[in-house]
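Enquirer: Sequence and predicted structure are below.
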Amino acid sequence: MSGPSGAVLTKTVHLPNSHTLDVYRQHGGYEALAIALKKTPDDIIDMVKRSGLRGRGGAGFPAGTKWGFVPKNTDKPKYMCVNADESEPGAFKDRLICAKDPHQLIEGTVIGAFAIGAHRSYIYVRGEFAAEARILDAAIAEARKAGLVGKNILNSGFDCEVTVYRGAGAYICGEETGLIESIEGKRGQPRLKPPFPAVVGLFGCPTVVNNVETLACVPHIVKHGWEWFAGIGTERNTGPKLYGLSGHVVKPGVYEAPMGIPLRKLIDEFGGGVPGGRPIKAVIPGGASCPVLRGDEIDVPMDFDSMTRAGSLFGTGTPVVMDDTCCMVKAAWITARFFAHESCGQCTPCREGAGWLQRLLWKIETGQGEEKDIDTLLSVTDQIEGNTICALGDAAAWPARGFAKKFRDEFIQHIREKRCPLGGGSLN
Amino acid sequence: MANVTLKIDGRSVSVPKGTNLVEAGKTAGVFTPHFCYHPGLPVVGVCRICLVEIEGRPKLVAGCATPAEEGMTVITRSAKVKEARRAVMEFLLIHHPLDCPMCDKGGECTLQDYTVAMSGPATRFKFEKNTWPEEDVGGKLILNKNRCILCLRCVNLCKDVAGIEEIAVLARGEETYIGTIGGQKIENELAGNIADICPVGALTSKDFRFKSRPWELKNSPSVCTLCSKGCNTIVGYHPRRDEVLRFTARENMDVNQWWICDRGRGQFHSIHAPNRLSGPVRRDNGSVKPVLWHEAIPAIAAALKSVIAKSGAGAVGVVASAELTNEELFLARTIFRDKLGVANFDFPARPQPPVVYPKFTIEGDKNPNTRGARALGIAPGQGGRSVRDIIQAAAEGEIRALVFLRGGDLDTFGDAALVARALERVELLVVLDTHASPVSEKAHWVLAGATHVEKDGTYTNSQGRVQRVQRVFTTSRDIREDWRVLQELGLALGAFSERVAGAEELFARLAAANPAFRGLTYTSVGELGAPLASATADVAVG
C-alpha cells in the first residue's frame, strides 16, 4: 500500500490512524491550504496550469485549464464536485485516498474551490464505498471543527462547505454530467454537451468536476511549487501517480510512482511479476474501457500520450494483467457485460449496441459463434463509437474491438473448435 | 434576434441565431430525420438518428442539439451520415418486434417510414428479442414497450407541458423502459397527445385501437368546440364505417401549439352517441312523433306568429347559445331580434374552473363562441330579459313561447326547478339541438341540428380568432345544419326572402354587416384562423 521512498500521495497511508486530522497535520497537512488562502485564486490556477497536472480520472485533461474555464464575472454560485465514484473495473486508487488519507483530498478540494470561487463542494462517493463515505464524513467534521472547512477558513474570510454525497451504484455517475444529474437528485444520465459544466453545471451553475487523485495532487503543488511537480514524471505527463495493479501479479495493490513509469517495470518490480512466472498474455493498461495490449506490447511508458500512441489508453493508470490461462473472449465478454449493464440506456447506440456486443461475445465464448460474428462485432463497435452522448459508448466499443483485433486468432479458434479452448464458456 | 447564415447540403440558408440544425434544415428544404426531437418539447438528443456532419469537426453531431452557427457547413448526405443513420436504425430495430401488420401505428409510424427509407435490408441481430407485456397506463393509453424506442417524448410531454411526472424512464441499459411511477395511472388531461407524438406504436389510444388503419380515414381540419380556446384538430372520419373515429391535434402556433386536451380528443364519441337526435319531432299531449322538416318549419313559424299576434313579441323568449357558429348566431339575431322584435334574447354562460397546466390551459368558458356571440350582439334588446329572467318570466306565465337554440341540463339556464316549471308552463317550446336533453324532452318541437363536424361555419375563440369548421361527412340521420334550419325558419317567418347558397356566402353577409368581422372571408380565415378586426384593437385598448 505504501509507495517507494519519496512518496508524495501515499506518504502517510501506512501509518496508524492516517485518516485522522492529527496524523495528517503531523506530516504537514493543511499547510498548503494556509499558503493558498494567502494567494489569489488566479495565482493558484496559474500554478496548477504550470505544474502540468492532468486529470487523473482518465481523460487527462489539464486541471488548471479546466479551472480556467469557469467564468469570473457571474452572479451565480459556483460548485466544486469531487468525483469519488471510482467504478471502472480495475481501478481502486481513489479509494485508497478516501479511506487512508481523506484530509489530503479535503485540503485539495478546498484549495480547488478557492481557486474557482466555489463556496460549496460535493464529494460524490461511489455507492459501494460505504466505509469510505463514513471516513470522509468524519474527516470533514474534524476539519470543520478545526476551522479548515466551513465559514472563514483559517481566518481568511473564505467560506467553503464540503458535503459527502453518496451515489447509488451506477458507473455512469462517474461521467461528470451524470454525476451532476445525480447530485441534483435525478437519474444518473449524462447531459448533452455543450454547454460544459464549467459554464452550466450543478444546479445550472458553473461547476468543476475533478477526480480524487487530481485534487490530492493540488496541496503538494501549492506547497512545493509547480516547478517541483513538473520535475516529476515526463515533460507532458508530470507529477506522481497512483497505479492500481491487479490481475495475475504476485503483489496486486496501489503503488505510487512518477508518471511515465514503464508498464513492464510496474508489473515486474512493483507487482512482483506473474505468479509461477507464467507469460503475460495481455494487459488492460488503464481500466476496463481501455483497449487491451498483447503481452509483447507492454514496453510502454505509463502516461497519457505514450499509451495513446501504443493504441490503447492510459485511463486511470490501473493495469489488469492476464496470464496465458486467461481466455480473451471471456475477458472481452466480461468487459462487455459490464458496460451493457452500466449503460444508462439513454441514447440508442450505447443502449442497444452494448447488449449486442455482449451477446455476440457470449455466443463465441460458448462455441456457437460463426466467423462472420467477428465482423459483426467489429462493425457494431464502429457503429457505437463517436455517436453517443457521452464516452460510455466508446468505453463499451473500444475493449470489445481491442480484444477482437488483438486476439482474432483466439476468437477464430473458439469458432472453429466450437468451444472455449481454455475450458471457459461457463459463467464461472 | 440576429440571423446566422449557414450552408446545408450546399443550400445557403439564413436562420435566427440559436436555431437547431433540424429546424435550419427544414428552412433550407433539407429533411433531417428525428424521433426524439419535437419542436414543442425539450431537446434530449437521445435517438441519434439526426446525426449530421459539420465540415471541420471529426465527430458527427446530433442535429437537434446543435445550434446553427455563422458560416457553418452542414452535410447530411455523406456516406458517413448515411451509415450512421443506418446503424441507428439497425440498433433501434434489434428489440423492436416489427409487428407493423398488427400495430395501430402502422401507416403513420415514423419508425416504419424510416425503416423503409434508411434501414438496411435485414438485421444482423440473431438473438432473442427482449419482450414485455402490454400495459394499461391510464390516460386512455395502452403501453407496448416492445415497440418503444425510448425517445422520451411521452416523459417530456407529461413533465414539461403538463407539469406532472406521471410517466418516467426506469431501469437502465437495454432493460430501460417507460413506465408509470409506482404503477399509478396517468391522470393528466393532456396525456392523449402522447398517442399523437409517439413516433412508434408504443403508446396508442385505447379509443382508436384496432378500429381502423390510418390510411382508411378521411382527415379534415376542424376546431374543438368544448371550450373557448378553439384548439385546432383533425377529424378522422372512416367513410366505409360512416363514423368519426378520432380527433387528433392539429398544429396552430397561435392557439394550441401541438396539443389538445383529452376532453376535446374524446369529443368525437358524442357524434355517434345513443342520445343523438335523429330528426325533427313533434310532441303533443304526451305523444311523440317524427315529422318532416317541410312540415315542422312552417308549423313552428305559424305557432310563433300566433303567440306574437296574441300577446306581442314580449311573450316570446329566445335562449340562443354560444355553442352555435357565428353564421348561425347572425341568423338568429336577424330573425328574432331584428325582424320579430324579440327583446328577450340572450345566451347562457357556461363557466367551469379552468384547468391550467404549465404550457396549456383548458379554458373555463365552456362555450366555444362566447366572443362571437358578443361581437354579433347576442344580448337582450331594449327592455329585454337575460336568460335567468326569461326563465323566471316563463315560469310566471309572462313569456308564453320559448325557443332554445341549444338545450342542455336544466341548471344551465338557472334554478333547475324553476326551469322545469317554465318548460311545463309555456304553450310553445321549440328546441334546436344535436342531442336529447332534459330541455328537448319537454319540447313541443324538437329540431335536429348538426354537430360541428357535420356543418360549415366559423367560431370565434377567446382570443377573438375566427376559425372554420367544415362538414366532414353527410350523416344518414335526418338532421340539418343549424344555419339551414334557421334560414328556413327565417324565410317562413318572413325575416328575409332569399336563401344563401352556402355558409360561405352567409359569412360574407355577416362580415359586411358587422364591423368586427369586416374584411374576413373563408379564404382569409383559412385553416389556421384569423383575428377579428376588433380583436387586435381590444388588446391594444386593453
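Expert: All right, it came through fine.
Enquirer: Kindly report the residues of the stretch 1-150 of chain B close to chain A.
Expert: Contact residues, the stretch 1-150 of chain B versus chain A (C-beta under 8 Å from any C-beta of the partner chain): B:43-49, B:51, B:58-60, B:62, B:65, B:84, B:87-88, B:90-92, B:94-95, B:124-125, B:127, B:149-150. Where C-beta positions appear, they are placed from N, C-alpha and C, glycine not excepted.
Enquirer: Just the buried residues from those residues, in ChimeraX please.
Expert: Remark: buried members of these, expressed as a ChimeraX selection using 16 or more other C-beta atoms under 10 Å in any protein chain shown:
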select /B:43,44,45,46,47,48,49,51,60,62,65,84,87,88,90,91,92,94,95,125,149,150
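Enquirer: Can you list which of the residues of the stretch 1-150 of chain B next to chain A are found in helices?
Expert: Using DSSP state H, the members of the residues of the stretch 1-150 of chain B next to chain A that fall within helices are B:84, B:87, B:88, B:90, B:91, B:92.
Enquirer: Give the pairing partners of the helix or strand containing residue B:248; include direction for each.
Expert: Element membership of residue B:248 [criterion: DSSP states H and E] is strand B:243-249. Next to strand B:243-249 in the sheet, as set by DSSP bridges, lie strand B:232-238 (antiparallel).
Enquirer: chain center to the strand it pairs with, what's the gap?
Expert: 8 Å (C-alpha atoms, centre = their mean, to the nearest Å).
Enquirer: Return the set of buried residues in the helix or strand hosting residue A:361.
Expert: For residue A:361, the element it lies in under DSSP H and E is helix A:348-365. Residues of helix A:348-365 classed as buried: A:348-365 (neighbour count, 16+ other C-beta under 10 Å).
Enquirer: Those residues also near chain B: which ones?
Expert: A:348, A:349, A:351, A:352, A:353, A:354, A:355, A:356, A:359, A:363.
Enquirer: okay if I get those as CSV plus pLDDT and distance to residue A:416?
Expert: Converted to CSV, these look like this (pLDDT from 0 to 100; distance: C-beta to C-beta, whole Å):
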residue, pLDDT, distance to residue A:416
A:348, 97, 34
A:349, 97, 31
A:351, 97, 32
A:352, 97, 29
A:353, 97, 26
A:354, 97, 27
A:355, 97, 26
A:356, 98, 23
A:359, 98, 20
A:363, 97, 14
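Enquirer: can you tell me which two in the residues you listed are farthest apart?
Expert: The most widely separated members of those, counting by C-beta to C-beta, are A:348 and A:363 (22.1 Å).
Enquirer: before we move on, the earlier item: pull the residues that contact the strand holding residue B:248.
Expert: Contacts with strand B:243-249, where a contact means C-beta atoms under 8 Å, 6 or more residues apart in numbering or on different chains, come from B:193, B:195-196, B:205, B:207-208, B:211-212, B:217, B:222, B:224, B:231-238, B:256, B:258-260, B:264-268, B:271-272, B:453, B:472-473.
Enquirer: hey, which helix is longest across chain B?
Expert: Chain B, longest helix under DSSP H: helix B:293-311.
Enquirer: Next secondary structure after that helix?
Expert: strand B:316-319.
Enquirer: Please spell out which residues along that following strand are buried.
Expert: Within strand B:316-319, the residues scored as buried using 16+ other C-beta under 10 Å are B:316, B:317, B:318, B:319.
Enquirer: per-residue confidence at the first one?
Expert: pLDDT, the model's per-residue confidence, is 98 for residue B:316.
Enquirer: Distance check, it against chain A.
Expert: 65 Å (C-beta to the nearest C-beta, to the nearest Å).
Enquirer: So that residue versus residue A:370, what's the distance?
Expert: Counting by C-beta to C-beta, to the nearest Å, the gap from residue B:316 to residue A:370 is 89 Å.
Enquirer: which stretches of the stretch 201-350 of chain A form strands?
Expert: With DSSP state E, counting those that start in this stretch as the criterion, the stretch 201-350 of chain A has strands at A:207-211, A:240-247, A:253-258, A:280-284, A:293-294, A:320-323.
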